[in-house]
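Student: the following comprises the amino acid sequence and a computationally predicted model.
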Amino acid sequence: MIALIALFVWPFLIARALLASLTGYGEELAVEGPVAKMLWLGLFKTLFEATELTVEAKTGQKKFEITGSEGKGFKNGKLVYLREINKKATKGEKVLGNFILARAYYVVGATANTFELALQEGGTGIEIETEGAKVGAAEHKIVLLEEVTEGANYKRSESKFVKTALGAKQPSLEWAATEGRKVKVPAGTTVTYSLWGDKEKTSEGKIWAVEILTASETFNENGEYEFTKDQLEYIIGAIFA
């Protein structure tokens with residue numbers, strides 16, 4: 001997410017923040033969660049990029065407004081990724097109130113023209129905490145994502161995270177040398193984001209990480225998206241930055 005998302009790996013992020021006070025055992029423990037949960041690698045396509053958002057200024061406001069948002073795909077349970085919320089913001093920095101740049105959220109409370117965003121599917125909408133203004137394309141972007149449709153020409157690939165042994169060097173996540181890099185993609189699909197889930201089937205389990213691909217790719221025919229080792233290491237590093 002995966003950039004994830006990410007959002008779902010808070011124990012690791014906390015551990016990173018406390019790295020100076022952890023022993024080697026603590027550092028090793030900090031990477032065990034991702035290894036246990038991020039078992040399957042998959043791909044998202046972009047359904048819609050919302051660049052013109054209206055937020056009404058009032059206490060406790062949670063609703064984003066986009067004309068016809070539900071018809072555009074902003075339905076409960078859908079995953080969105082926040083990009084370019086503030087040109088001066090860096091990844092992980094709080095912007096637009098309680099929202100964080102380069103993080104994934106779930107749509108909740110959807111109506112015909114409004115929706116809220118939550119950290120978990122079916123969760124509580126987050127208060128926006130903004131004075132309210134029409135948001136320009138250069139500053140705010142909410143990207144609506146959908147996983148590529150599962151079938152003969154798409155399925156998740158088994159993730160090949162490995163954890164370095166304690167004592168070899170600082171514990172970290174690495175990618176196995178040659179396996180688990182290819183994901184089938186059906187014709188007519190443009191892939192834009194990667195994901196890590198805990199189940200092979202797209203309809204099961206949870207998504208634990210989301211990250212934007214270094215470059216999107218369009219498939220005019222059935223094919224395979226192949227992650228390079230350098231690209232996977234970049235994505236892993238981005239998730240846990």
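Tutor: Looks like it came in fine. Quick caveat: nothing in here was measured; it's all calculated off a predicted structure.

Student: and this structure, what are its domains?
Tutor: Domain assignment for the chain by automatic domain parsing gives 10-44+149-239, 47-147.

Student: for the shortest one, how far is the first residue from the last?
Tutor: Domain 47-147 stretches 10 Å from its first residue to its last (Cα to Cα, to the nearest Å).

Student: longest single strand anywhere in the chain?
Tutor: Ranked by residue count under DSSP state E, the longest strand found in the chain is strand 207-219.

Student: could you list the buried residues of that strand?
Tutor: Burial within strand 207-219, assessed by neighbour count using 16 or more other Cβ atoms under 10 Å, is assigned to Ile207, Trp208, Ala209, Val210, Glu211, Ile212, Leu213, Phe219. (Glycine included, C-beta is placed from N, CA and C.)

Student: my guess is Thr228 contacts Lys182, does it?
Tutor: No. At 11.0 Å, Thr228 does not count as touching Lys182 under the criterion of Cβ atoms under 8 Å.

Student: and Ser157, how many neighbours?
Tutor: Close neighbours of Ser157, defined as other Cβ atoms under 10 Å, add up to 19.

Student: before we move on, what about Ala50?
Tutor: As a burial measure, the neighbour count of Ala50 was computed by other Cβ under 10 Å and equals 20.

Student: nearest residue to it other than its sequence neighbours?
Tutor: Counting by Cβ to Cβ, 6 or more residues apart in numbering, the nearest residue to Ala50 once its immediate chain neighbours are dropped is Ile142, at 4.3 Å.

Student: what is the neighbour count of the one you found?
Tutor: The number of residues packed around Ile142, counting by other Cβ under 10 Å, is 26.

Student: in a strand, Asp230, correct?
Tutor: No. When classified by DSSP: H, G, I helix; E, B strand; the rest coil, Asp230 is found to be helix rather than part of a strand.

Student: near it, how many residues? Count them for me, please.
Tutor: Asp230 has 10 nearby residues by other Cβ under 10 Å.

Student: measure it to Arg103 for me?
Tutor: Shown here: Asp230 relative to Arg103, a distance of 24 Å by Cβ to Cβ, to the nearest Å.

Student: and for Val80?
Tutor: Taking Cβ to Cβ, one finds Val80 at 10 Å from Arg103.

Student: which secondary structure element contains Gly26?
Tutor: Following DSSP states H and E, the helix or strand that holds Gly26 is helix 24-37.

Student: partner strands of the helix or strand that that helix is followed by and their direction?
Tutor: Sequence-wise, the next helix or strand beyond helix 24-37 is strand 40-50, with elements assigned using DSSP H and E. In the sheet containing strand 40-50, the strands it pairs with under DSSP bridges are strand 141-147 (antiparallel), strand 157-158 (antiparallel), strand 189-197 (antiparallel).

Student: low-confidence stretches in this structure?
Tutor: Where the chain drops to pLDDT under 70, the residues are 1-22, 24, 27-28, 31, 34, 52-59, 84-97, 129-140, 161-180, 233-241.

Student: so where do the helices sit in it?
Tutor: Counting by DSSP state H, the chain has these helices, from start to end: 10-17, 24-37, 229-239.

Student: Lys62 is in contact with Gly123, isn't it?
Tutor: No. When contacts are counted by Cβ under 8 Å, Lys62 is not listed as touching Gly123 (11.6 Å).

Student: between the two, which has more neighbouring residues?
Tutor: When Lys62 is set against Gly123 and neighbours are counted by other Cβ under 10 Å, the residue ahead is Lys62, at 20 against 13.

Student: ok, that one to Tyr105 distance?
Tutor: With distances taken as Cβ to Cβ, Lys62 is found 12 Å from Tyr105.
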